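Undergrad: Fold the following and give me the result.
(chains A and B)
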Amino acid sequence: MKWDISDMDSWTYKQFPPGAVIPESGNSDDYVTGGWRSERPWRDDEKCTQCLLCWIVCPDTSINVAGEKVTTFDLDHCKGCGICAQVCPVDAIEMVPEGCDLPGVK
Amino acid sequence: MANLKELTHREDRLAGGHRLCAGCGASIAVRQVLLGAGEDPVVVGCATGCLEVSTTIYPYSSWKTPFIHNAFENSSATISGVEAAFKGLKRAGKIPADKTMKFVAFGGDGGTYDIGLQALSGAMERGHDMVYVCYDNGAYMNTGIQRSSATPKGAWATTAEVGAAQQGKIQRRKDLTQIMAAHGIPYVAQASISHWKDLTTKAEKAFAVEGPAFLNVFAPCPRGWRIPSSQSVEIAKLAVQTGFWPLYEVEDGEFRHTVKVHNRKPIEEFLRPQGRFRHLFSPGNEELLAEIQGDVDRAWDRLMARCSQV
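TA: Down below sits the predicted model:
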């Protein structure tokens, strides 16, 4: 169920569910933590062997996977910790400064 | 036991957008445990701590599961109550008799080794069909890195200072996994976020057994251990390779070493990269360092003697 909290600031106590219940599960997806980042991961698709090690150790569920393959990073939630780059056995992931245009351009 | 490709088909039950620090070991532990849980619906409870606070900042929840938080000391009592209520409602015919559901409580080492130990012991002894997972980062990180009974000897913490009187924590850490094994429950295991296959397999077993199961998961804390956020998994791996954190399981009283370590690395390799142990490498602390190595060796030998040789 989608819980619409867009105008929560104007709610009175009557609109808040009793007991501080959060009626929608997993809605922190709507909360952006990507701004914490000073470095951003970049993946070289040529080098990547799709071993998925980065996916299983990401603390922020920020490695997007489709069809058993890593596709992109969820940059809305990635905090730039760099674990993915650290565990990659073939150095296919590199941490690049946030804000730089494109990787490879170091 | 599923491989990584198969695991990607399961739902990730911890959403992003939680406010745990970059590189936090706790959320890695939770993801791997819940991926190992399989397809059945899971009800989650949390002891007070970093994980609970950071994943449920109102009005957001990172849990794609029903979630309950009660207090610091009673997550086991709370989840065991939810499990008992589920069974009771089934008996009363208010929940279909064929409905299956799993119950899990997560707590940090503060909420497990110290504050929640009595509730945990009680829930395990009563035989509830639940899993308790401790993510062990070796101090009260949420309130500012105070020492707990899981803090290793020699580690700096804000209440185990380094100075003229002492060099970090004086006491040895408590071996909670052994305490839980002594409860004689169906399944007890020690795992680490660095060994996903071992961890997800143990989680799968823990959820599969009928009755209580306990998992103790090594989960580094970059903030409290004074390590770069990218090193959490690496340090956890070193803890396993040095024998500081042996990976084993106890199934119906039978000890089994699940990830063999043939040439144990010296404990320095685990200690040196961490700022919380920096003082141990100052002149004058050689003896303390040797003592720590001795403690690890003795605990290792004792454990290996209990593990059946396979």
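Undergrad: The residue in the stretch 151-300 of chain B that chain A sits nearest to: what's it in contact with?
TA: Closest to chain A within the stretch 151-300 of chain B is residue B:230: 3.3 Å, counting by Cβ to the nearest Cβ. Just so you know, the C-beta spots here come from the backbone N, C-alpha and C atoms, and that holds for glycine as well. By Cβ atoms under 8 Å, 6 or more residues apart in numbering or on different chains, residue B:230 lies in contact with A:81-83, A:85-86, A:95, B:23.
Undergrad: neighbour-wise, which of these leads?
TA: Taking other Cβ atoms under 10 Å in any protein chain shown as the neighbour criterion, residue A:83 ranks highest of the contacts of residue B:230 with 30 neighbours.
Undergrad: Nearest residue to residue B:66 in space, please, no chain neighbours.
TA: Nearest non-adjacent residue to residue B:66, counting by Cβ to Cβ, 6 or more residues apart in numbering or on different chains: residue B:43, 4.8 Å away.
Undergrad: Surely that neighbour forms part of a helix?
TA: No: using DSSP: H, G, I helix; E, B strand; the rest coil, the assignment for residue B:43 is strand, not a helix.
Undergrad: neighbours around it, how many?
TA: Neighbour number of residue B:43 under other Cβ under 10 Å is 19.
Undergrad: and it, what are its bridge partners?
TA: Bridge pairing for residue B:43 (DSSP bridges) gives the partners residue B:103.
Undergrad: how about residue B:146, phi and psi?
TA: Main-chain dihedrals, residue B:146, degrees, to the nearest 10: phi -80, psi 150.
Undergrad: pretty sure it is touching residue B:155, no?
TA: No: using Cβ atoms under 8 Å as the test, residue B:146 is too far from residue B:155 to be in contact (11.6 Å).
Undergrad: Name the residue in these two with the higher neighbour count.
TA: Legend: neighbour count by other Cβ under 10 Å for residue B:146 and residue B:155, higher for residue B:155 (26 against 16).
Undergrad: show me what contacts the more buried one?
TA: Listed by Cβ under 8 Å, 6+ apart, the contact partners of residue B:155 are B:138-139, B:147, B:168-169, B:276-277.
Undergrad: shaky segments in the stretch 101-250 of chain B?
TA: Judged against pLDDT under 70, the stretch 101-250 of chain B has no low-scoring part.
Undergrad: mind listing the helices for it?
TA: Here the stretch 101-250 of chain B has its helices, by DSSP state H, counting those that start in this stretch, at B:109, B:117-126, B:176-181, B:196-208, B:222-225, B:232-241.
Undergrad: among these, which is the most enclosed?
TA: helix B:109 (a mean of 27; mean count of other Cβ atoms under 10 Å in any protein chain shown).
Undergrad: That helix: how far from the chain's middle?
TA: With Cα atoms, centre = their mean, to the nearest Å as the basis, helix B:109 stands 7 Å off its chain's centre.
Undergrad: for it, packing partners?
TA: Here helix B:109 touches strand B:131-136, going by 3 or more Cβ pairs under 8 Å, 6 or more residues apart in numbering or on different chains; DSSP states H and E.
Undergrad: Direction included, what does the strand it packs on pair up with?
TA: strand B:102-108 (parallel), strand B:213-218 (parallel).
Undergrad: Serialize those strands to CSV and add fields for mean neighbour count.
TA: Shown next, in CSV, are the strands paired with strand B:131-136 (neighbours: other Cβ atoms under 10 Å in any protein chain shown):
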stretch, mean neighbour count
strand B:102-108, 27
strand B:213-218, 27
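Undergrad: is chain A contacted by stretch B:7-20?
TA: Yes: using Cβ under 8 Å from any Cβ of the partner chain, stretch B:7-20 comes into contact with chain A via B:7-9, B:12-20.
Undergrad: Pull that stretch out as CSV, backbone CA atoms only.
TA: Provided in CSV are the C-alpha atoms of stretch B:7-20 (Å, rounded to 0.1, in the frame of the first residue of the first chain):
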residue,chain,number,x,y,z
LEU,B,7,19.8,-15.5,-4.9
THR,B,8,19.2,-12.6,-7.2
HIS,B,9,15.7,-14.0,-7.9
ARG,B,10,14.8,-13.6,-4.3
GLU,B,11,13.4,-10.3,-3.0
ASP,B,12,15.8,-8.0,-1.2
ARG,B,13,13.9,-7.4,2.0
LEU,B,14,15.9,-4.4,3.2
ALA,B,15,15.3,-1.3,1.1
GLY,B,16,17.9,1.3,0.4
GLY,B,17,17.4,4.8,1.9
HIS,B,18,18.1,3.6,5.5
ARG,B,19,20.5,5.9,7.4
LEU,B,20,23.1,3.4,8.5
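Undergrad: tell me the mean pLDDT over that stretch?
TA: Stretch B:7-20 comes out with an average pLDDT of 96.
Undergrad: buried ones in that stretch?
TA: Across stretch B:7-20, burial judged by 16 or more other Cβ atoms under 10 Å in any protein chain shown covers B:7-8, B:12-20.
Undergrad: Widest-spaced pair of the contacts of residue B:155?
TA: Farthest-apart pair in the contacts of residue B:155 is B:147 and B:277; separation 13.5 Å (Cβ to Cβ).
Undergrad: I would like the residues contacting the biggest helix by length in chain B, please.
TA: Determined from DSSP state H, the single longest helix within chain B is helix B:286-306. Residues outside helix B:286-306 that contact it (Cβ under 8 Å, 6+ apart) are B:152-154, B:167, B:172, B:175, B:242-244, B:246, B:248, B:255, B:257, B:264, B:266-268, B:271, B:280-281.
Undergrad: And the strands in the stretch 51-200 of chain B, which stretches?
TA: All strands of the stretch 51-200 of chain B, identified by DSSP state E, counting those that start in this stretch, fall at B:67-69, B:102-108, B:131-136, B:187-192.
Undergrad: As JSON lines, those with distance to residue B:35 would be great.
TA: Formatted as JSON lines, the strands of the stretch 51-200 of chain B follow (distance: least, Cβ to Cβ, whole Å):
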{"stretch": "strand B:67-69", "distance to residue B:35": "17"}
{"stretch": "strand B:102-108", "distance to residue B:35": "13"}
{"stretch": "strand B:131-136", "distance to residue B:35": "13"}
{"stretch": "strand B:187-192", "distance to residue B:35": "13"}
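Undergrad: Done for today, thanks.
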